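1. Turn this into a structure:
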Amino acid sequence: MAEGKEKKLRRSRRLTEDERKLWRAVTKDTTPLSRARMPEPDPAMPSGTVLPVEPTTLSPMQSQAARPAPPAPSRMPGPPPLTGLDRRLSQRLARGQMEVEATLDLHGHTQERAHGALLDFLSRGRARGLRCVLVITGKGASPYARHTLHGADFYEVPERQGVLRSALPRWLNEADFRTHVSGFQPAHPKHGGGGAFYIWLRRKR
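-> Got it, this is the predicted structure:
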């Protein structure tokens, strides 16, 4: 019993003045993690006791800020613009000297149906390895309906009210169409003249 009381007294005794001086000498050159969180030494604590350090807890916002930002997703490059036709090919098309490999007639289609039918026709044609296809839009009702209007360039004529004829050049410049098409121009009279277009497809990948 006496031995137990002696141990209890040793555990609960106060630090001596020499022990306090030794503690101050040991801790004077140390840098605390946080002055607000660093516990003060207890005079009643025996010498050699290791003081616990309160762990630092980051808030969710601080944790998120410390986490490295994910890399920005790379944007997929869009299809190239229409490159047009080289001079020799354009001349051969204007003279009706090129063989048409497939034809799509859009007569009677609404704009919505014509748009979808045209994209499907061009994508399937390119998948087959075709290069020169013909799309017939119609010339529209006007006093000049018999005029062929063919050549290397496309001209918008105010007197013509052909909705599909006017819409087709705009459609071919859309990204979905540029994936398959490299250029186009009005057809020769024997292929429909101003109411039809030659469309030159890109090479099959």
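2. For the longest helix along the chain, the averaged confidence score.
-> Across the chain, the longest stretch assigned as helix under DSSP state H is helix 111-127. Mean pLDDT, helix 111-127: 96.
3. what residue ranges in this structure score low on pLDDT?
-> Screening the chain residue by residue with the criterion pLDDT under 70, one finds the ranges 1-13, 29-77, 140-161.
4. residue ranges of the helices in it, please?
-> With DSSP H as the definition, the chain shows helices at residue ranges 2-12, 17-27, 60-66, 87-94, 111-127, 163-172, 175-178.
5. circling back to that earlier point, which residues does the longest helix of the chain contact?
-> By CB atoms under 8 Å, 6 or more residues apart in numbering, the list of residues contacting helix 111-127 from outside reads 101-102, 104, 106, 109, 133, 135, 163-164, 167-168, 171, 176-177, 179-181, 199, 201-202, 204. Using the backbone N, CA and C atoms, a C-beta is placed for each residue, glycine as well.
6. wouldn't Leu134 be in contact with Gly195 here?
-> No. Shown here, Leu134 and Gly195 do not form a contact pair, counting by CB atoms under 8 Å, at 10.9 Å.
7. Give me the common contacts of those two.
-> Taking CB under 8 Å, 6+ apart as the contact rule, the neighbours common to Leu134 and Gly195 are Ala187.
8. quick one, which of the two is more surrounded?
-> Neighbours of Leu134 and Gly195, each counted by other CB atoms under 10 Å, are more numerous for Gly195; the result is 23 against 19.
9. Phe184: what's it in contact with?
-> By CB under 8 Å, 6+ apart, the contact set of Phe184 is Leu82, Phe154, Leu168, Pro169, Leu172, Phe197, Tyr198, Ile199, Trp200.
10. Neighbour count and distance to Ala187 added to the residues you listed, as TSV?
-> Supplementary listing: the contacts of Phe184 in TSV, determined by neighbours: other CB atoms under 10 Å; distance: CB to CB, whole Å:
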residue	neighbour count	distance to Ala187
Leu82	16	17
Phe154	15	11
Leu168	23	12
Pro169	14	13
Leu172	21	14
Phe197	24	6
Tyr198	26	5
Ile199	28	10
Trp200	22	12
